[in-house]
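**Q** coordinates only, sequence not included:
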């Protein structure tokens, strides 16, 4: 039997186990062994992460050349997944690093260079530089890819774009991809406009709403099932050989606090909750606090006290190189102390700032980056036409309703 044949048998066995785990996660919480529950409570607030269930995916890695798509959030207890796998005899041939890099310290949009992990000596290959998709040459040196990165549940957060390209490369090169699932801290929400494919970019690759209400494992299933990989619409055989390792004891209504900040400018739970609402400001003259100690918790624009009484001045600092409105006194709002627990996606702040802008024609950046974040040019046009939030939300309803029905097919968790 060829090595690929053996790997297929292992993955088939693992998939059978995972189906059982998925059923337990949805229907059998009360039947979990007390020891499993105690372990879960001590590590992740009652949830057993995909990465914590090594008995389910280690058989597919043993004796294989493994590539890991991971970053600083890929931790198992107090240990990084890379260290945990190497300690168990797994041959880690490469670390493939997304935006912000393997250690998660790079500024948003900063090019990530190839390198080598000082601690383990494993080569680091950038997926946020000249190449955002694993090359055939890279995959020729690997037998299997594994993805384990903490997402925040919004369409424009680019870790899911990196996962998409990994799936595409695996489909084209017939390489298995294992996704270790993690919670979505905004998972209770399904809200926002559906992306128009004409505005597809690295900050929006799929026809999903801004708050998609999926874990990365569920989204990977959707990408495969809806045939969103390049070429899959015309080639029925072009599918990523995908295995999702689901969590135990998770549901989408949980309040889950991330144990590790997912990126430099989402430093805490408040920023993560405000992010779906405030990220749209990145397409405007308004700063979201990059270059301050309250990233995605304050908003303000230069020279306009009408935006609000709070004042701050963005400065160049680690994780915020050349931030928007650097060195300029900005006026606006401090939202760091507001209750954003149930905010979800709101347009109230954007509408307020737009209506108070001294020159509305210059409120949006000339690059129209807002269109890529929003997923179409409609928001700009609607604001200029004077629509309020209720009217704008009404235009989301047809697409959002269709998406919610489609989403049901791919849910692993209630």
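**A** Yes, it's here. The shown structure was predicted, so the numbers you read here are calculated from the model rather than taken from an experiment. Numbers count the residues shown, from 1 in each chain.
**Q** Now the residue nearest the centre of the chain: phi and psi?
**A** Closest to where the C-alpha atoms of the chain average out (Cα atoms, centre = their mean) is residue 151, at 3.3 Å. Note on residue 151: backbone dihedrals following degrees, to the nearest 10 are phi -100, psi 170.
**Q** So this protein: which segments form each domain?
**A** By the assignment in automatic domain parsing, the chain contains the domains 3-259, 269-406.
**Q** right, and those domains - which one's nearest residue 414?
**A** Closest to residue 414 of those, according to Cβ to Cβ: domain 3-259, at 4.9 Å. Placement of C-beta: from N, CA and C, glycine included.
**Q** Quick one: distance of that closest one to the chain centre.
**A** Its chain's C-alpha centre and that of domain 3-259 lie 10 Å apart, by Cα atoms, centre = their mean, to the nearest Å.
**Q** what's the model's confidence in it, averaged?
**A** For domain 3-259, mean pLDDT is 83.
**Q** rewinding a little: go ahead and confirm the residue nearest to the centre of the chain touches residue 184.
**A** Yes: counting by Cβ atoms under 8 Å, residue 184 is a contact partner of residue 151 at 6.5 Å.
**Q** Can you pull the residues that touch both of the two?
**A** Both residue 151 and residue 184 are contacted by residue 215, under the criterion Cβ atoms under 8 Å, 6 or more residues apart in numbering.
**Q** mind listing the strands in the chain by residue range?
**A** For the chain, applying DSSP state E gives strands covering 65-70, 75-76, 79-80, 91-97, 115-116, 123-126, 144-148, 177-180, 242-245, 298-302, 310-312, 330-334.
**Q** Can you tell me which helices and strands the fifth one packs against?
**A** Helices and strands touching strand 115-116, as assessed by 3 or more Cβ pairs under 8 Å, 6 or more residues apart in numbering; DSSP states H and E, comprise strand 123-126.
**Q** The strand it packs on: partners in the sheet, and parallel or antiparallel?
**A** Its sheet considered, strand 123-126 pairs with strand 91-97 (parallel), strand 115-116 (antiparallel) by DSSP bridges.
**Q** ok so, going back, now for the residue nearest to the centre of the chain: which residues touch it?
**A** So residue 151 contacts 157, 159-160, 182, 184, 215-216, 262 (Cβ under 8 Å, 6+ apart).
**Q** Same question for residue 316.
**A** 291, 322-323, 326.
**Q** Kindly check the end-to-end length of stretch 373-387 for me.
**A** The straight-line separation of the ends of stretch 373-387 (Cα to Cα, to the nearest Å) is 19 Å.
**Q** The chain should start at 16 in everything you say after this.
**A** Renumbered: residue one is now 16, and that last one reads stretch 388-402.
**Q** Flag every buried residue along it.
**A** The neighbour-count check on stretch 388-402 (16 or more other Cβ atoms under 10 Å) flags 388-391, 393-395, 397-398, 402 as buried.
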